[in-house]
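Participant: Just to be clear, the model below is a prediction. Sequence and coordinates:
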Amino acid sequence: MCNSDSNSDELFPFYEENLLRVLGHLVRAEATPSFLQGAFKFGAPIVNQISPARDKWESLKISAFMQFAGAYDLSWYLRQSIEEEFTIVHYAANLGNFRLVNYFINELHFDVDFYQPPLHRLTILHVIAKFRTYTFTDDEKEEVRKIIAKSNNLLLRNNFGKTIVALAKSMHNSNEEFLREELKSAIMQKYRGVAFVVEQALKKKNVKINKFIVRDIYKYVDG
């Protein structure tokens, strides 16, 4: 899955079959700046940017993934489990690296509603509701809003029958009210979109709202 036009052998001196393991280490790295130097051998230009500050550390992760994405097609790797049902993107959400999550969604086209069906049915938003229980900063709220806006399955229940908001409540998540209001707003936005589609359809001659249209409307609203 290496991009043929990239000189990846010079950038990444390891076999491609080890890439998933290396990416997993990268996304989970939190407080050991020497880790990148030893594991990735990016050299001084990258290593010298490392800072213990959390936002700069996340920025470094994004820069590292951008370099990997320039050498490899990462779409397959982002969907693979690296531990139980957790993908690389799930781990980024678990660690509160929401800018990195949005990079995966917007630039590498990861499906925000992706989950592993046989396991716990945890989407990225379920992970945020379950594990990120501290109060979000304003910047984090903005990044979470962007994630919510991309979702088409905001009412999905996990294997324990809990929606995102219900899961946040069960975990005594301090962001429960924020998540509730943001999800409510996003769902209402979808309903308004549906209303517009139906109104336009009714304006056309000889158009009937049959069961297939209703099915598509429901899919639009509820994923």
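Facilitator: It's in.

Participant: which regions of this structure sit below the pLDDT cut-off?
Facilitator: Applying pLDDT under 70 to the chain flags residues 1-17, 30-54, 118-119, 193-223.

Participant: And the strands in it?
Facilitator: Here the chain has no strands by DSSP state E.

Participant: pretty sure Pro186 contacts Lys150?
Facilitator: Wrong residue type there; residue 186 is Ala, not Pro. No - counting by CB atoms under 8 Å, no contact exists between Ala186 and Lys150, whose distance comes to 9.6 Å. Any C-beta I mention is one placed from the backbone N, CA and C, and that applies to glycine too.

Participant: which residues of the protein fall in helices?
Facilitator: Using DSSP state H, the helices found in the chain span residues 8-11, 19-28, 34-40, 44-47, 54-71, 75-78, 88-94, 98-106, 124-131, 138-150, 164-170, 176-203, 211-222.

Participant: Now mean neighbour count too, for these, in a markdown table please.
Facilitator: Listed next are those as a markdown table, based on neighbours: other CB atoms under 10 Å:
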| stretch | mean neighbour count |
| --- | --- |
| helix 8-11 | 13 |
| helix 19-28 | 18 |
| helix 34-40 | 15 |
| helix 44-47 | 12 |
| helix 54-71 | 17 |
| helix 75-78 | 17 |
| helix 88-94 | 25 |
| helix 98-106 | 21 |
| helix 124-131 | 25 |
| helix 138-150 | 16 |
| helix 164-170 | 21 |
| helix 176-203 | 14 |
| helix 211-222 | 12 |
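
Participant: looking at the ones you listed, which is closest to Asn158?
Facilitator: Set against Asn158 and scored by CB to CB, the helices of the chain come closest in helix 124-131, at 5.7 Å.
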